[in-house]
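**Q** The amino acid sequence is not available; the structure is as follows:
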């Protein structure tokens, strides 16, 4: 009767999947950060990412752990280790990668079915890239003052982002996500699961149907992304207002400088004193 | 033709895994003795929150320039690895240079340069601040600092784990890759078509080598998690006592106060200048 249950993992197994995906995808993103992209005509050839690794693992194991592991791996290995941590932008990347990988992992009922695997892989890439494109366009609109006033800028942003989206889906998506996933998933099926002490996924142990659960999940994800954007917008207004207020008064700025000088002097005095104390006690 | 040749050469140069590993390790552990690394991680994270967020929302050029200069100085103090700085320059250029070219293509003129300059300054300031904090700090200090602020235990575990495992993983990946290359028969690459075929062959080998790597890493992550379970990791992660013991080594000193005070003074002066201009 055990085998008829949905494919769930125990807590330690979830941690194993998390660690596995994090380490592998982190390593791969580290490489992609360093492989330069080059252009032939207007098509940019870049190994955008090795998303096939978390995609394959999400199709074989618990999708949520694999998705979270992939997003964390990218964050830790390629962003924090290389010092490219971009603050707000990373939240968006984390969320979109998690959503894309999770949905792709949930879509596969039978990992041996190559067509299903291919569709899920490309679907995951499209979701991830589309969300990323929307957030990118909004981000540029926030960062540049009088966005609409600059001639040619809005169109150019839509064009570059739209083109980058198509380029990433058609080139990186097919070459670096769909084909490797089609090759790896059936090959790994039945071999990698026992290493983590798990049953291979099949029609009976498949985690829920594609139906409403996934739709609700993606809707919630969309709401999350949009909510984050609104939060950023409100934050803009708040901080802008404060900065204007601070910038309008020279007297206030002078006060801040005086406060800064006093703070430096106070810390300096404290430092020399504590140094003397150390000498005395020594 | 020449350009293609140069490109494929530079790609193969960059693919040297030893180079990557050395730079990564240097970045992580090579600069423990800098001024930045000796500061308390909590203070630095606080500092980063200011310089990583505020520049996005301010459009005042003197203020942005001042912030940029300050983070440039701190990056110099942190003695960041060359690879990281190279990537930073590449990133800033591609992000805004590309946008500028396309803007001109769509009929924009010189007026587009000013807002793009502001955007470049913002991007540069924010990324240099993050380079200072995340590559200037020891990974363990960073993980502890994040934990003190209540970040999920999984994140600080991931950071410590990643820095320790990365050299091992890279070595393993390299040996798998080399064994594939030894057994493989690469296509001739003296013609243009052959070069493309050679590049495709290289990428295929990289993708194929992930198959044994996935199986090996699966075994290794099982061992890791089992060891963690034996040590009671999942209970320790949520236990307040354990956290207290773990974080007891962190201490804010006068140096941290000095760092914050000097940064504050600098920002105050830039604000003063921007009101005078």
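**A** In hand now; what should we look at? Since this is a predicted model, take the numbers as computed values, not measurements.

**Q** in stretch B:49-62, what counts as buried?
**A** B:51, B:52, B:54, B:55, B:56, B:57, B:58, B:59, B:60, B:62 (16 or more other CB atoms under 10 Å in any protein chain shown). Just so you know, the C-beta spots here come from the backbone N, C-alpha and C atoms, and that holds for glycine as well.

**Q** hang on, I meant stretch A:188-200
**A** A:188, A:189, A:192, A:193, A:195, A:196, A:198, A:200.

**Q** picking that back up, ok, and of the buried residues of stretch B:49-62, which contact chain A?
**A** Checked against chain A using CB under 8 Å from any CB of the partner chain, the buried residues of stretch B:49-62 yield the following neighbours: B:52, B:54, B:56, B:57, B:58, B:59, B:60.

**Q** if we can go back for a sec, ok, the buried residues of stretch B:49-62 vs residue B:265, which is closest?
**A** Using CB to CB, the shortest approach to residue B:265 within these belongs to residue B:51, at 14.6 Å.

**Q** rewinding a little: output the buried residues of stretch B:49-62 as a markdown table; include the columns distance to residue B:193, pLDDT and secondary structure.
**A** Listed next are the buried residues of stretch B:49-62 as a markdown table, based on distance: CB to CB, whole Å; pLDDT from 0 to 100; DSSP: H, G, I helix; E, B strand; the rest coil:
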| residue | distance to residue B:193 | pLDDT | secondary structure |
| --- | --- | --- | --- |
| B:51 | 50 | 84 | helix |
| B:52 | 47 | 78 | helix |
| B:54 | 53 | 79 | helix |
| B:55 | 48 | 79 | helix |
| B:56 | 47 | 74 | helix |
| B:57 | 52 | 72 | helix |
| B:58 | 52 | 75 | coil |
| B:59 | 51 | 76 | coil |
| B:60 | 54 | 79 | coil |
| B:62 | 55 | 84 | helix |
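
**Q** Taking those together, which two end up most distant?
**A** Across the buried residues of stretch B:49-62, the longest distance by CB to CB is 19.7 Å; it joins B:52 and B:62.

**Q** looking at chain B, which helix or strand is least sure?
**A** helix B:2-14 (a mean of 59; mean pLDDT, DSSP states H and E).

**Q** Next one: residue B:192 from chain A, what distance?
**A** 12 Å (CB to the nearest CB, to the nearest Å).

**Q** As a check, name the ranges of all helices in the chain.
**A** Since you didn't name a chain, this refers to chain A. Read by DSSP state H, chain A holds these helices, from start to end of the chain: A:11-34, A:52-60, A:63-73, A:88-107, A:114-143, A:153-167, A:179-188, A:212-247, A:250-281.

**Q** Please refer instead to chain B.
**A** Counting by DSSP H, chain B has helices at residues B:2-14, B:17-29, B:41-57, B:61-78, B:82-105, B:113-136, B:139-148, B:153-183, B:192-230, B:233-236, B:240-247, B:254-276.

**Q** most neighbours per residue, which of the ones you listed?
**A** Mean neighbour counts were taken over these using mean count of other CB atoms under 10 Å in any protein chain shown, and the top value, a mean of 22, falls to helix B:113-136.

**Q** Next one: that one, is it in contact with chain A?
**A** Yes. Helix B:113-136 reaches chain A (CB under 8 Å from any CB) through B:115-116, B:118-119, B:122, B:126-127, B:130-135.

**Q** nearest to residue A:23, of those residues?
**A** Closest to residue A:23 out of these is residue B:134 (19.0 Å), distances taken as CB to CB.

**Q** And the pLDDT at residue 236?
**A** No chain in the question, so chain A it is. At residue A:236, the predicted lDDT confidence score is 48.

**Q** Chain B is the one I meant
**A** On pLDDT, residue B:236 comes in at 78.

**Q** same deal with residue B:20?
**A** pLDDT, read off for residue B:20, is 68.

**Q** now residue B:214
**A** Confidence for residue B:214, expressed as pLDDT, is 90.

**Q** Report the separation between it and residue A:75.
**A** Residue B:214 sits at a distance of 21 Å from residue A:75 (criterion: CB to CB, to the nearest Å).

**Q** What of residue B:161?
**A** From residue B:161 across to residue A:75, the span is 13 Å (CB to CB).
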